[in-house]
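In: Here's a sequence, model it:
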Amino acid sequence: MKKEKVSLGELTLVGIKVRTNNSNEMSPETSKIATQANLYWRQGLANNIKHRVAPGVTYCVYTDYDSDEHGEYTYFIGEAVDSANDQNLSQFKALIIPKSRYQKFTTEPGKIPNVIIAAWQALWEMDENDFGGKRKYLADFEVYDQRASDPNNAVVDIYIGLN
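Out: Alright, predicted model coming up:
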């Protein structure tokens, strides 16, 4: 994977979320992320989000960590908006990611979800030196843009928050 240190300003996202942990995500019977992602994409939920900044660019965020990658966290899938006002709050939740520093990893082209699973497995093996700093465990996220439009040949950026 290619990597690059970046700083991003505050992001406001609107989407859906679920609470899970990596132990549950290892089994199809207990996995919640695949169910949420399928719900989001198959039902075209993004089309119901108002004030979209870049329609079609999806953020999959791991946030509200209890501890680190071994504890509970919230998985959030949605899009960036320029305003969280006027959203259908019975359907969607808002998430604000404060400005922060990240190590951005860009995957090689591959089939979804395999390319994402392989990327995260590699990331879990990394340490502070590989990340260029200590992980923040505030918000880490994947960005699916036009490079991910072909699910058999997708390229995805993964942002790991740093202290």
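In: Report the buried residues of stretch 3-15.
Out: Going by neighbour count (16 or more other C-beta atoms under 10 Å), the buried part of stretch 3-15 is 11-15. Backbone N, C-alpha and C define where each C-beta goes, glycine included.
In: Would you convert those residues into a markdown table that also reports pLDDT, distance to residue 39 and secondary structure?
Out: What follows is the buried residues of stretch 3-15, written out as a markdown table (pLDDT from 0 to 100; distance: C-beta to C-beta, whole Å; DSSP: H, G, I helix; E, B strand; the rest coil):
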| residue | pLDDT | distance to residue 39 | secondary structure |
| --- | --- | --- | --- |
| 11 | 98 | 22 | strand |
| 12 | 98 | 22 | strand |
| 13 | 98 | 16 | strand |
| 14 | 98 | 15 | strand |
| 15 | 98 | 11 | strand |
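In: can you give me the strands for the chain?
Out: Using DSSP state E, the strands assigned to the chain run over residues 2-8, 11-21, 58-63, 72-80, 93-97, 100-106, 139-144, 157-162.
In: now these in JSON lines, with distance to residue 31?
Out: Supplementary listing: the strands of the chain in JSON lines, determined by distance: least, C-beta to C-beta, whole Å:
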{"stretch": "strand 2-8", "distance to residue 31": "27"}
{"stretch": "strand 11-21", "distance to residue 31": "8"}
{"stretch": "strand 58-63", "distance to residue 31": "14"}
{"stretch": "strand 72-80", "distance to residue 31": "10"}
{"stretch": "strand 93-97", "distance to residue 31": "20"}
{"stretch": "strand 100-106", "distance to residue 31": "22"}
{"stretch": "strand 139-144", "distance to residue 31": "16"}
{"stretch": "strand 157-162", "distance to residue 31": "19"}
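In: Which of those sits closest to residue 50?
Out: Of all the strands of the chain, strand 11-21 sits nearest to residue 50, with 7.8 Å by C-beta to C-beta.
In: Quick one: neighbours of residue 128, just the number.
Out: Residue 128: 11 surrounding residues under other C-beta atoms under 10 Å.
In: what's the distance between the nearest residue to it once chain neighbours are set aside and residue 127?
Out: The spatially closest residue to residue 128, leaving aside those adjacent along the chain, is residue 134, at 5.3 Å (C-beta to C-beta, 6 or more residues apart in numbering). To residue 127, residue 134 is 10 Å away according to C-beta to C-beta, to the nearest Å.
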